[in-house]
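Asks: Please find the sequence and the predicted model below.
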Number of protein chains: 2
Amino acid sequence: MSTEGYGDLVTEPRWLDEKQARAWRGYRRMRALLDLQITRDLAADSGLSDADYDVLSNLSETSPHRLRLTELATTMLWSKSRLSHHLTRMQQRGLVDREECAGDARGSIIVLTEAGLRAIEEAAPHHVASVRKHMIDLLTDEEIAALDALSRRVVAHLTEAA
Amino acid sequence: MSTEGYGDLVTEPRWLDEKQARAWRGYRRMRALLDLQITRDLAADSGLSDADYDVLSNLSETSPHRLRLTELATTMLWSKSRLSHHLTRMQQRGLVDREECAGDARGSIIVLTEAGLRAIEEAAPHHVASVRKHMIDLLTDEEIAALDALSRRVVAHLTEAA
DNA sequence: GAAGTGTTGGTGACATGTCAACAGAGGGGT
DNA sequence: ACCCCTCTGTTGACATGTCACCAACACTTC
C-alpha cells in the first residue's frame, strides 16, 4: 500500500457514500442557484454586481473609508490584478477613487466616494432581505449554528494549509 | 418588482443578528476558498477545469454517453449559450463530439468521446480525494446531514419560486 | 552605495461567461 | 397548404477573471 497523502487512488479510491454524495451535490447545487438569485436581486434592486457590493461593503466598514489596494485584496481573497481591473471600472462609474499614498509613491489608496457610500447604503437593506428570503430565513437555529461551525472549520483548514 | 414582500426596507431593515451574520459570512468565505482549492487541485491533477469536469461527469452518467444540448444545459443549470461555447472548446480538445439528431433536424447531440471517458475516469479519484480532504472529511456526520437537509430546502425554494 | 531580493500596482493577452439577436426547424389551428 | 408561435442551437459583441510580466520602490547584504 502507498503512504502518499491521497493513498493509492487508482486501485482503492475512497468514493463518497450515499449521504456524503447527497450533501456534496446539494451544496454545489445550492451554491449555484443561490449565487444566481442573489446576484440577480442585487442587480435588479441596486444596479450593482456581487463584486461591486463586496468592494463597497469592505470599504464602508473602514474608519476613513479608504484602504490600500493590497490590503483590500487580501481581506476579499481577490488577486491584486483582479481588484485593480475592477476598481478601474468602478472608478469610471464614480463609486470609488484612487488617491496617492503619502509615504509610498507606488501605492494607491482606494477611497469610497460619496456616490459609492450612497450606493451601498441604498443597496444594503435590499441585499439583506434577499439573503434572508433565499437562505437565512429558511434555516433553523441549529442549522445556522452548524453552518457557522462547519464553514469556520473548512475555512481554517484552507487558510492554514496555505 | 422584487421589493414586494420585503416590507418597508428603508425605515425598517431587518438586519442579520450576530449568529446569522457569522453563518452567512462563513458560508461566503468557505465558498470562495473551497472553490479555489478544488479548481486548483482539479487543474493540477487532471488538466480539467470545474466546468470540464461537470460536463464530462454528467455525460458519463448517461447510458449511451450522449445527451441533447438543452437537456444537458438544464441539468447543469447552465445557459444554452454558455454550454454551446464551452462544448466548442471541449470539442477542439477531443473530449466531446457533436452528432446530428435523427428525429429533430435542429438538435445536436453531445457525445462523450473515448478520450473524454478516459479523462473523467482518471480525474474522478483525485477529485473525490480533493473533496474529502478539503470538505467532507472535516465534517461530522451530523453536519453532513444538516448540510444535506438545508441545501435541499434552499434548492427547493429557489427552484419552485422560478 | 551597488547589487540582489521582495513588494506594490498596473497592463495586455487571453480564457471564460452573459446577453441579445438570429436562422432553421417543429407543430398546432384553420 | 398557410400563418403563427415556440423551440433549438449558434453566433458576435461585450463584461469579467486569470495569467505572466513589468516598472517603481523598499529592504538587506556586501
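Replies: The structure has been received and is ready for your questions.
Asks: Where does pLDDT dip in chain A?
Replies: Applying pLDDT under 70 to chain A flags residues A:1-11, A:101-107, A:161-162.
Asks: Tell me where it has helices.
Replies: Using DSSP state H, the helices of chain A run over residues A:18-46, A:50-60, A:69-76, A:80-92, A:114-134, A:141-161.
Asks: Format these as CSV; extra columns: mean neighbour count and distance to B:H126.
Replies: The way it works is simple: take the backbone N, C-alpha and C, and place the C-beta from them, glycine included. Shown next, in CSV, are the helices of chain A (neighbours: other CB atoms under 10 Å in any protein chain shown; distance: least, CB to CB, whole Å):
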stretch, mean neighbour count, distance to B:H126
helix A:18-46, 18, 15
helix A:50-60, 19, 30
helix A:69-76, 16, 29
helix A:80-92, 15, 27
helix A:114-134, 19, 33
helix A:141-161, 17, 17
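Asks: nearest to B:L117, of the ones you listed?
Replies: helix A:18-46 (20.6 Å; CB to CB).
Asks: Can I get stretch A:130-143 in PDB, CA atoms only?
Replies: Extracted in PDB, the C-alpha atoms of stretch A:130-143 (Å, rounded to 0.1, in the frame of the first residue of the first chain):
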ATOM      1  CA  SER A 130     -32.600  38.900  -0.400                       C
ATOM      2  CA  VAL A 131     -30.200  36.900   1.700                       C
ATOM      3  CA  ARG A 132     -32.900  36.300   4.300                       C
ATOM      4  CA  LYS A 133     -35.500  35.300   1.800                       C
ATOM      5  CA  HIS A 134     -33.500  32.800  -0.100                       C
ATOM      6  CA  MET A 135     -31.300  31.400   2.600                       C
ATOM      7  CA  ILE A 136     -31.200  32.600   6.200                       C
ATOM      8  CA  ASP A 137     -34.900  32.600   6.900                       C
ATOM      9  CA  LEU A 138     -35.200  29.100   5.500                       C
ATOM     10  CA  LEU A 139     -32.900  27.600   8.200                       C
ATOM     11  CA  THR A 140     -33.400  26.500  11.700                       C
ATOM     12  CA  ASP A 141     -31.300  27.900  14.500                       C
ATOM     13  CA  GLU A 142     -29.500  24.600  14.700                       C
ATOM     14  CA  GLU A 143     -28.700  24.700  11.000                       C
END
